[in-house]
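Peer 1: Turn this into a structure:
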Amino acid sequence: MRKILLFLCLLWAFLLKANSDTLYYKGDLEIGNNQKLILTLKIISKEDTTLYFLGSPMQSKDEFAPSKVKYKGDTLSLGFKNLNCVLKIFPSNSEDLLQASFRQGLLFKELTLSKQENKFTYNRPQTPQPPFKYESVELSFKNPESDYTFHGTLTLPSLDGEYPCVVLVSGSGCQNRDLEIFGHRPFFLIADYLTNNGIAVFRYDDRGYGEKDTNLYRGTTMDFAKDAFYAIKMLRTQKQIDTSFIGVFGHSEGGMIAQILADSLDFIILAATPSIEGKNILKSQGADLSSYEFDTNNMTDLWLKYFYEFNPQKYLSKIHIPTLVLQGEKDKQVLCKENIPIMQKLLPKNTTIKTYPQLNHLFQHCQTGEVSEYINIEETFSEDVLKDILYFIKHTYKVSSTSKARL
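Peer 2: Here you go, the predicted model:
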């Protein structure tokens with residue numbers, strides 16, 4: 001009991017010394033393959049109790065309170081039932097460092113948590129900041145084939161006039177309208193940049209985003225393509241949209257959706273988009289294939305089964321509208337050397353293909369292109385790529401014989 005009281009007294013003393021009722025800590029959890037996962041711990045002193053919150057900012061913006069707090073000897077154990085993990089904190093004579101261990105399933109690692117002056121935040125200098133010189137309108141739409149209401153943001157140069165419009169469609173996984181990942185908000189940045197330069201942009205939350213019912217966002221690439229189709233149909237009712245010039249910017253799987261919808265669009269932008277079959281993409285990403293796991297007769301995941309069998313080439317060969325292809329040469333998820341030659345072969349002559357030697361899957365300048373780098377890169381999206389997107393849309397709109405107006 002004496003050791004427990006000493007440990008609690010040390011924590012309380014640290015709080016008093018900091019002249020604050022909250023302490024923030026951060027540590028790097030080794031998870032194998034030279035990859036690290038950031039863990040954060042927030043400790044709040046509140047009257048006669050102490051509250052703890054565990055965070056994993058590389059995976060979620062949320063912080064989690066323990067379901068069980070236990071003292072055993074001189075060790076504090078925080079159990080998180082929903083996360084199936086336990087964080088143990090050992091006695092320390094320093095306010096600045098806490099020695100801890102983390103267990104989740106078969107993973108067991110020791111780590112050091114270092115004191116931070118403030119809550120952990122990412123440095124993302126490209127994130128747009130107010131005041132904004134354009135209009136933002138909140139819109140909703142429905143896909144009649146699913147019982148779900150989608151929500152999104154339409155940014156307009158102004159509420160007067162008609163503007164060419166691009167719809168931003170995200171890749172795999174349930175994403176919000178900003179395509180937020182590790183504090184980066186690339187769709188927000190793209191929308192801000194294009195709208196400041198005369199282009200209307202619509203971005204929306206994927207089906208089920210933010211909902212606890214995971215069944216809401218179940219679906220295949222084709223289902224998500226239908227979602228995008230009805231987003232475009234809704235936009236055609238907006239008076240500020242030049243309905244003769246609407247296109248899709250699709251990132252990764254979003255580019256597959258753009259391919260599917262090409263017949264109903266005036267232009268498409270394929271960013272880090274596959275041109276090879278899904279099963280070959282999985283192989284190129286280093287997936288551990290086995291005859292059972294990827295036997296489509298045994299697949300229970302509808303999305304994975306559809307993706308595995310999806311062949312972009314049957315869509316690419318039929319595209320006839322102006323197309324911009326963007327590809328980072330250090331992309332480790334959609335490999336440039338595998339996908340670009342097929343794009344060059346199948347897409348029409350009015351296609352522009354741009355590759356960038358130093359960019360990764362998210363179009364950030366990088367060293368290796370590995371996913372583990374994303375969190376440490378401050379750049380959200382290459383300015384060179386932003387300029388190329390703007391030039392393509394403006395130039396294509398200008399030469400379009402059906403446009404009602406010109407930029």
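Peer 1: How about the secondary structure of Phe202?
Peer 2: strand (DSSP: H, G, I helix; E, B strand; the rest coil).
Peer 1: so it touches Cys165, yeah?
Peer 2: Yes. Counting by CB atoms under 8 Å, Phe202 touches Cys165, with 6.5 Å between them. (Glycine included, C-beta is placed from N, CA and C.)
Peer 1: helix/strand/coil for Asp223?
Peer 2: Classified using three-state DSSP, Asp223 is helix.
Peer 1: Quick check, it in contact with Tyr148.
Peer 2: No. Counting by CB under 8 Å, Asp223 stays clear of Tyr148, with 10.7 Å between them.
Peer 1: circling back: show me the common contact partners of Phe202 and Cys165, please.
Peer 2: Leu235 (CB atoms under 8 Å, 6 or more residues apart in numbering).
Peer 1: So what sits opposite Cys85 in the bridge?
Peer 2: Beta-bridge pairing for Cys85 (DSSP bridges): Phe80, Gln104.
Peer 1: give the contact list for it.
Peer 2: Contacts of Cys85 by CB under 8 Å, 6+ apart are Gly79, Phe102, Arg103, Gln104.
Peer 1: Looking at these, state which has the most neighbours.
Peer 2: Neighbour counts for the contacts of Cys85 (other CB atoms under 10 Å) peak at Phe102, which has 21 neighbours.
Peer 1: count of neighbours near the closest residue to Leu194 other than its chain neighbours?
Peer 2: The shortest distance from Leu194 to any non-neighbouring residue, by CB to CB, 6 or more residues apart in numbering, is to Val201 (5.2 Å). Val201 sits with 25 neighbouring residues when counted by other CB under 10 Å.
Peer 1: quick one: pLDDT of Val201?
Peer 2: Val201 is assigned a predicted lDDT (pLDDT) of 98.
Peer 1: do the same with Ser382
Peer 2: According to the prediction, Ser382 has pLDDT 98.
Peer 1: okay but it is in contact with Asn360, surely?
Peer 2: No. Using CB under 8 Å, Ser382 makes no contact with Asn360, being 9.8 Å away.
Peer 1: out of these two, which sits in the more crowded spot?
Peer 2: Between Ser382 and Asn360, counted using other CB under 10 Å, the more crowded position is Asn360 (25 against 20).
Peer 1: where does that one sit relative to Ile190, distance-wise?
Peer 2: Asn360 sits 16 Å away from Ile190, going by CB to CB, to the nearest Å.
Peer 1: Also Glu379?
Peer 2: In terms of CB to CB, Glu379 sits 14 Å off from Ile190.
Peer 1: So which of the two has more stuff around it?
Peer 2: Legend: neighbour count by other CB under 10 Å for Glu379 and Ile190, higher for Ile190 (28 against 16).
Peer 1: Phi first, then psi, for that one.
Peer 2: Taking degrees, to the nearest 10, you get phi -60, psi -40 for the backbone angles of Ile190.
Peer 1: right, and it touches Val201 too?
Peer 2: Yes. Ile190 is within contact range of Val201, at 7.0 Å (criterion: CB under 8 Å).
Peer 1: shared neighbours, the two?
Peer 2: The contact sets of Ile190 and Val201 overlap at Leu168 (CB under 8 Å, 6+ apart).
Peer 1: With Met222 as the reference, measure out to Pro125.
Peer 2: 38 Å.
Peer 1: no wait, Tyr209
Peer 2: Tyr209 sits at a distance of 19 Å from Met222 (criterion: CB to CB).
Peer 1: Looking at the two, which has the bigger crowd around it?
Peer 2: More crowded of Tyr209 and Met222, by other CB under 10 Å: Tyr209, with 17 against 12.
Peer 1: Confirm that one sits in a strand?
Peer 2: No. Tyr209: not assigned to a strand; according to three-state DSSP it is coil.
Peer 1: right, and it touches Gly173 too?
Peer 2: No. Counting by CB under 8 Å, Tyr209 stays clear of Gly173, with 9.9 Å between them.
Peer 1: in the strand or helix carrying Lys354, what's buried?
Peer 2: Assigned by DSSP states H and E, Lys354 belongs to strand 351-356. The neighbour-count check on strand 351-356 (16 or more other CB atoms under 10 Å) flags Thr351, Thr352, Tyr356 as buried.
Peer 1: Pull up the overlap in contacts between Asp223 and Tyr148.
Peer 2: Shared contacts of Asp223 and Tyr148 (CB under 8 Å, 6+ apart): Arg207.
Peer 1: Stretch 245-261 spans what distance, first to last residue?
Peer 2: Chord length of stretch 245-261, first to last residue, is 14 Å (CA to CA, to the nearest Å).
Peer 1: and it, average pLDDT?
Peer 2: 98.
Peer 1: List the buried residues in it.
Peer 2: 245-261.
Peer 1: Strands - which of those residues land there?
Peer 2: If you go by DSSP state E, these have Phe245, Ile246, Gly247, Val248, Phe249, Gly250, His251 in strands.
Peer 1: does the first one really touch Glu162, like I thought?
Peer 2: No. Contact between Phe245 and Glu162 fails when scored by CB under 8 Å: they sit 9.2 Å apart.
Peer 1: Quick check: bridge partners of Tyr204?
Peer 2: Following DSSP bridges, Tyr204 is listed with bridge partners Gly152.
Peer 1: Can you tell me how far it is from Ala228?
Peer 2: Taking CB to CB, one finds Tyr204 at 9 Å from Ala228.
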